[in-house]
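Enquirer: just a sequence and a predicted model for now, questions to come.
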Amino acid sequence: MRPDVIDLRNFYHSSLGQVVRRTITRQVRQMWPDLKNFRILGLGYATPYLSTFRSEAERVISFMPLEQGVIQWPREGGSLVSLVDERTLPLADASIDRIIWVHGLENTTDVDPILQELWRILTSTGKLMVVVPGRRGLWARTENTPFGYGHPYSDKQLNRLLRDNGFTPGDRQGALYMPPGNWRLNLRLARAWENLGAKWWRHFSGVRIMEAEKQVYALTELPERKTRRRPVILPAARPVIAGRDLPRMGEDL
């Protein structure tokens, strides 16, 4: 079971979700401080972490999987989100510089075909960033946040998975050392939790963030695909889940 797009949207609109977004964004920006003129793809439910790149990147787009559903982003202007089959992405080879995958890997049972697709669309110097629940952290042990679903990962497991699919793992960071609770004091102390956790409990973070670079000499023969699905571009701010429309709730998350 994976959280649907409405569950994800509602979480990031909550007080806890806003703190989570800011906390993870700080780590993402520390790892990727300058993406001027880059082409960036967000996969899964990555829109809360894409806004920070829009002012500098050449292009920022978001792909959401069929099983999750899709909601328009950003709130103003044309939609930059498509509903796709992650195994057949509607992009040309070597067309993307950076990919950030959030709320996706841990909910995927057949990971290899998706990672091979990401390898295909990345440029020769392209990089993938994966954000997943940490295997030792508290956040994977409770279902009151989206990080409590699916399969959590350790750094060792992520490292092996990425290497097996043509990537060279690089920088890795932890985030969300705070307890996964919505009480006011916990939210106010979020920054202090992060500072203490990064110093004393590095392996017990709620999420693990790992960067990996495309190996240009790997996966030289990808599986041949006879067809490629076209993305579904949303014309209006209407959430869509599994083929059914829901009430209009467009937001910039």
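Expert: Looks like it came in fine.

Enquirer: for the longest helix seen in the chain, C-alpha coordinates in CSV please.
Expert: Counting residues, the longest helix found in the chain (DSSP state H) is helix 15-31. Taking C-alpha atoms only, helix 15-31 is exported to CSV below (Å, rounded to 0.1, in the frame of the first residue of the first chain):
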residue,chain,number,x,y,z
SER,A,15,2.3,21.9,10.4
LEU,A,16,4.4,18.8,10.6
GLY,A,17,4.6,18.5,6.8
GLN,A,18,5.8,22.1,6.5
VAL,A,19,8.6,21.4,9.0
VAL,A,20,9.5,18.2,7.1
ARG,A,21,9.6,20.1,3.8
ARG,A,22,11.9,22.8,5.2
THR,A,23,14.2,20.3,6.9
ILE,A,24,14.7,18.0,3.9
THR,A,25,15.0,21.0,1.5
ARG,A,26,18.0,22.3,3.6
GLN,A,27,19.8,19.0,3.1
VAL,A,28,18.9,18.8,-0.6
ARG,A,29,20.2,22.3,-1.2
GLN,A,30,23.4,21.5,0.8
MET,A,31,24.0,18.6,-1.6
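
Enquirer: remind me which residues of the stretch 101-250 of the chain are low pLDDT?
Expert: Applying pLDDT under 70 to the stretch 101-250 of the chain flags residues 218-250.

Enquirer: what's in contact with the following helix or strand past the longest helix of the chain?
Expert: Scanning the chain past helix 15-31 towards its C-terminal end, the next helix or strand to appear is strand 39-44 (assignment: DSSP states H and E). Among residues not part of strand 39-44, those counted as contacts by CB atoms under 8 Å, 6 or more residues apart in numbering are 49-50, 53, 57-65, 68, 86, 91, 95-105, 107, 118, 121. For glycine as for every other residue, the C-beta is placed from the backbone atoms N, C-alpha and C.
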